[in-house]
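Asker: Generate coordinates for the sequence data below:
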Amino acid sequence: MSRLRVIPVEEPYEKKFLDFLEEDKILHIFTIYDFRYMRDKTQIWVALENEKIAGYLLEFDNTIVHTHGSAESVSKLLDYTNLDEPVFVIEPHHLRVVEEFFKPLGPTDSSTKGEITTYLIVKVDAETFKPSITHRVKKLRTKDLGEVSENMGDEWKRRIENVIHKGVAFGAYDNGSLVAVATVSEILEGLVLIRGVCTVPYLDVRDSQLQRVQLSYRS
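Answerer: Reported below is the predicted structural model:
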């Protein structure tokens, strides 16, 4: 018989939950950000086993459901969301459990083949990550928006213009031309969330130069 019990994250439990998240800020960075800065749009339930957190379910803006923890805890936590067609952000071992409750309707990324998008997360640090630096990089400013529009299109110009006012945008150059951009719209206690990366079709530098940009900004 399961010894799990589920409670909503409310006062006075919020501090204990945040302390749990901060034990691994990178793993829980999206949850920390939503919990701190989008609290009015966020509902969270935790599954406790012997009063320790075995898993949690975060529901954001009545749209996104994010799960973390043991498969057993997630199975119990899914009883607490009443969304008809949520967008799931889950760990690989949660898929079997989620499919017992929901049927996949389509991927979160339009380029995905199949109904489920898989994201690969890599954790590195500036001391041990030594990529090959082959392109010049600079921080983008308002004066660079014309070049962004010309090389990346008007949609990316609008994105970067918005980011410049509240975060940071970087550009990588090849033979003097802008060929890739990366945007950092949220900065959280020395960590950054790179929300958008775009590379011109004939050149892909994301695995070298733009990852270096991320690390340089953190260091």
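Asker: For E161, which non-adjacent residue is closest in space?
Answerer: The spatial neighbour of E161 that comes closest, neighbours along the chain excluded (Cβ to Cβ, 6 or more residues apart in numbering), is L145 at 5.7 Å. (C-beta placed from N, C-alpha, C; glycine too.)
Asker: Touching, that neighbour and I160? I think so.
Answerer: Yes - using Cβ atoms under 8 Å as the test, L145 is close enough to I160 to be in contact (6.7 Å).
Asker: Compare neighbour counts for those two and give me the winner.
Answerer: Regarding L145 and I160, a neighbour count based on other Cβ atoms under 10 Å identifies I160 as having more, with 26 against 18.
Asker: what's the following helix or strand after the helix or strand harbouring I44?
Answerer: Element membership for I44 (DSSP states H and E) is strand 42-49. Helices and strands here follow DSSP H and E; after strand 42-49, the next one along the chain is strand 52-60.
Asker: circling back to that earlier point, by contact count, what packs against the strand holding I44?
Answerer: Counting contacts by 3 or more Cβ pairs under 8 Å, 6 or more residues apart in numbering; DSSP states H and E, strand 42-49 is packed against strand 5-8, helix 29-37, strand 52-60, helix 71-77.
Asker: For this structure, just list every one of the helices.
Answerer: Counting by DSSP state H, the chain has helices at residues 14-21, 29-37, 71-77, 95-98, 145-152, 154-166, 211-218.
Asker: residues contacting the spatially most central residue of the chain?
Answerer: The centroid of the chain falls nearest to F30 when counting by Cα atoms, centre = their mean (5.5 Å). Applying Cβ atoms under 8 Å, 6 or more residues apart in numbering, we find F30 in contact with 66, 89, 193.
Asker: Swap in 7 Å and give it another go.
Answerer: Contact analysis of F30 by Cβ atoms under 7 Å, 6 or more residues apart in numbering lists H66.
Asker: picking that back up, now, of the helices of the chain, which is deepest in the fold?
Answerer: Of those, the one with the most neighbours on average (mean count of other Cβ atoms under 10 Å) is helix 71-77, at a mean of 21.
Asker: and the nearest residue to I160 once chain neighbours are set aside, how many residues sit next to it?
Answerer: Leaving aside its sequence neighbours, I160 sits nearest to A169 (Cβ to Cβ, 6+ apart; 4.6 Å). For A169, the neighbour count with other Cβ under 10 Å is 24.
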